[in-house]
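A.B. asks: Quick one, what's the 3D model for this:
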Amino acid sequence: MGLVLGPLVLFWFAAMMFSLRMGYVVLSGKGFFPFIIVVVAVAVIVALAYVSVGLFKFMGRETLWAFEIPFFFAANKVSIALFLSAALVYLFALHHIEQDVVKALLFVVPFSVSTATLMGIFSSDTFIETYNITRTY
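C.D. replies: Numbers count the residues shown, from 1 in each chain. The predicted structure is shown next:
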């Protein structure tokens, strides 16, 4: 499974690093306390909510395939589409955007999606052990 899951994890790690770069470019020059702190806090809260909702779907299960939760997070079409949409807007239309709220969304969406995906992938074993779910291979 590492041949499939490994490149997906590397993609999401690169996506998280790229979203940090996006955040630096988009948020540079703004006030640290009122603006940047709020935007980063919103991004972290959205990431935690995404992981919680994603893991909540597996809470009532008694058995799970060993890689079901990591694949749920890593190969989620909506997450990939959200990240790619934000990245394309950043790459091709950033110079047309003047509103600070839209620029903040260009950081919040890809950062929260990529960070939550990595958290979901790496916390799946802990989740399975915590709720006594048996693994099938």
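A.B. asks: from here on, contacts and neighbour counts on C-alpha atoms
C.D. replies: Will do.
A.B. asks: Mind jotting down where the strands sit in the protein?
C.D. replies: Per DSSP state E, the chain carries strands over the ranges 63-65, 134-136.
A.B. asks: a markdown table for those, including mean neighbour count and distance to residue 85?
C.D. replies: As requested, the strands of the chain are exported to a markdown table (neighbours: other CA atoms under 10 Å; distance: least, CA to CA, whole Å):
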| stretch | mean neighbour count | distance to residue 85 |
| --- | --- | --- |
| strand 63-65 | 13 | 31 |
| strand 134-136 | 13 | 35 |
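A.B. asks: Please tabulate those in CSV, including the columns distance to residue 13 and mean pLDDT.
C.D. replies: CSV is the format used below for the strands of the chain (distance: least, CA to CA, whole Å; pLDDT from 0 to 100):
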stretch, distance to residue 13, mean pLDDT
strand 63-65, 24, 93
strand 134-136, 26, 92
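A.B. asks: In CSV, list those along with distance to residue 31.
C.D. replies: Output for these, formatted as CSV (distance: least, CA to CA, whole Å):
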stretch, distance to residue 31
strand 63-65, 46
strand 134-136, 48
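A.B. asks: out of those, nearest to residue 47?
C.D. replies: Closest to residue 47 of the strands of the chain, according to CA to CA: strand 63-65, at 23.5 Å.
A.B. asks: list the helices and strands that closest one packs on?
C.D. replies: strand 134-136 (3 or more CA pairs under 8 Å, 6 or more residues apart in numbering; DSSP states H and E).
A.B. asks: Specify the helix with the largest residue count in this protein.
C.D. replies: If you go by DSSP state H, the chain has its longest helix at helix 2-27.
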